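Colleague: Structure, please.
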Amino acid sequence: MSRIGLIAGSGRFPIYFLQAARKNGYEVYAAAIKDEASPKVFELASHATSIYVGDFQKVIDFFVDAGVKQIIMAGRIPKTVMFESLKPDERLAEFLQKLPAQNDNVLLGAFISEFRKEGIEVCDSTTFLSFLLPEKGTLTKREPNEREWADINFGFDIAKQIAGMDIGQTVVIKDRVVVAVEAIEGTDAAILRGGELGQGNITVVKVARPRQDKRYDMPTVGVDTVEYLKKAGATCLAFENKMTLLLDKDEVVRLADEAGIAIVVI
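Modeller: Below you'll find the model as predicted:
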């Protein structure tokens with residue numbers, strides 16, 4: 001049986017990958033991040049170990065010892081961990097000191113290079129999961145209205161510029177005004193902040209980077225996203241086709257329809 005590795009963060013994405021990998025006949029070796037990864041990772045993986053974010057050498061040893069040559073990274077790891085709880089091992093501490101910056105593209109790109117030194121290739125995170133990348137079109141019963149379309153068109157280019165600078169991938173728009181921009185706090189917190197500042201009736205636009213590397217940090221929409229949209233009083237969500245993972249589509253659409261939120265793939 002072929003082997004593949006998984007570094008699992010939080011959310012449903014790692015679960016989808018595990019289910020698809022098993023269906024395709026793969027034995028999955030999973031390194032599950034403590035306090036982030038779902039317990040289901042241990043149920044579904046052929047072999048699993050628990051790691052802290054700073055356990056870089058432990059992760060490498062786990063895959064090398066198992067003879068794993070290919071891995072994927074799936075699930076969220078809060079960026080704020082860099083300031084809150086990161087305890088890097090000796091290899092990671094030395095590695096971080098050499099970096100010119102610690103934004104996503106630099107940091108994750110350097111991780112990929114380190115894995116390659118050990119004979120491990122980081123693969124496209126959508127491996128086995130291309131069916132989760134929706135095509136263009138409105139998913140909900142309600143189409144965006146004229147005001148929402150104006151905000152989508154206004155916000156898309158701005159979101160692309162922000163993403164290109166590796167700041168974030170989401171902007172919150174109201175009446176063609178940028179109300180909030182995602183940064184280190186993540187999409188959900190940006191949506192809530194945008195709802196508070198805009199006092200509801202906001203449109204959320206989520207995009208991929210202009211040269212998105214599918215090996216890491218793919219934009220993702222799921223049930224949690226809709227819950228935060230509801231809390232923020234958002235009326236519309238737009239995200240980019242073929243470059244955004246949509247998890248639990250049927251439930252996402254059902255919840256959005258109940259809340260009167262338009263969701264459109266652009």
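
Colleague: Surely E90 is in contact with Q57?
Modeller: Yes: under the criterion of CB atoms under 8 Å, E90 makes contact with Q57 at 7.3 Å. Where you see a C-beta, it was placed from the backbone N, CA and C, and this is true even at glycine.

Colleague: Over to T235. Which of the three states is it?
Modeller: strand (DSSP: H, G, I helix; E, B strand; the rest coil).

Colleague: Now for it: which residues touch it?
Modeller: 148, 200-203, 260-262 (CB atoms under 8 Å, 6 or more residues apart in numbering).

Colleague: Recalculate using a threshold of 6 Å.
Modeller: Applying CB atoms under 6 Å, 6 or more residues apart in numbering to T235 gives the contacts N201.

Colleague: Same check on A256?
Modeller: Here A256 is in contact with 140, 226, 263 (criterion: CB under 6 Å, 6+ apart).

Colleague: with those in mind, which one is nearest to S130?
Modeller: Checking those against S130 with CB to CB, the nearest one is I263 at 19.9 Å.

Colleague: what lines up beside whatever helix or strand that closest one lives in in the sheet?
Modeller: In the assignment (DSSP states H and E), I263 maps to strand 262-265. If you go by DSSP bridges, strand 262-265 pairs up with strand 137-138 (antiparallel), strand 234-239 (parallel).

Colleague: Verify the stated contact: V223 with L247.
Modeller: No: assessed by CB atoms under 6 Å, V223 is found out of contact with L247, at 7.4 Å.

Colleague: Give me the local confidence score for G200.
Modeller: Note for G200: predicted pLDDT of 95.

Colleague: got it, and F63?
Modeller: 97.

Colleague: in the chain, what residue sits furthest out from the centroid?
Modeller: E146 (29.4 Å; CA atoms, centre = their mean).

Colleague: In contact with that residue, which residues?
Modeller: Counting by CB under 6 Å, 6+ apart, E146 has no contacts.

Colleague: now swap in T126 and tell me
Modeller: K214.

Colleague: quick one, phi psi at it?
Modeller: Per-residue torsions, T126: phi -90, psi 10 (degrees, to the nearest 10).

Colleague: returning to that earlier point: okay, the residue farthest from the centre of the chain and L133: tell me how far apart.
Modeller: Distance, E146 to L133, using CB to CB, to the nearest Å: 28 Å.

Colleague: higher neighbour count, E90 and Q57?
Modeller: Between E90 and Q57, counted using other CB atoms under 10 Å, the more crowded position is Q57 (14 against 9).

Colleague: Secondary structure of that one: a helix, I assume?
Modeller: Yes: Q57 sits within a helix when classified using three-state DSSP.

Colleague: What segments of the stretch 51-200 of the chain are helices?
Modeller: Along the stretch 51-200 of the chain, counting by DSSP state H, counting those that start in this stretch, helices occupy 56-66, 81-84, 90-97, 104-117, 146-164, 187-198.

Colleague: and the ones you listed as TSV, adding distance to P14?
Modeller: Shown next, in TSV, are the helices of the stretch 51-200 of the chain (distance: least, CB to CB, whole Å):
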stretch	distance to P14
helix 56-66	15
helix 81-84	17
helix 90-97	21
helix 104-117	16
helix 146-164	23
helix 187-198	18
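
Colleague: Now do R176: how many residues are near it, please.
Modeller: 12.

Colleague: and the gap between the closest residue to it other than its chain neighbours and K231?
Modeller: Spatial nearest neighbour of R176, excluding adjacent residues (CB to CB, 6 or more residues apart in numbering): F154 at 4.4 Å. Taking CB to CB as the measure, F154 falls 23 Å from K231.

Colleague: Sweet, I'm off.
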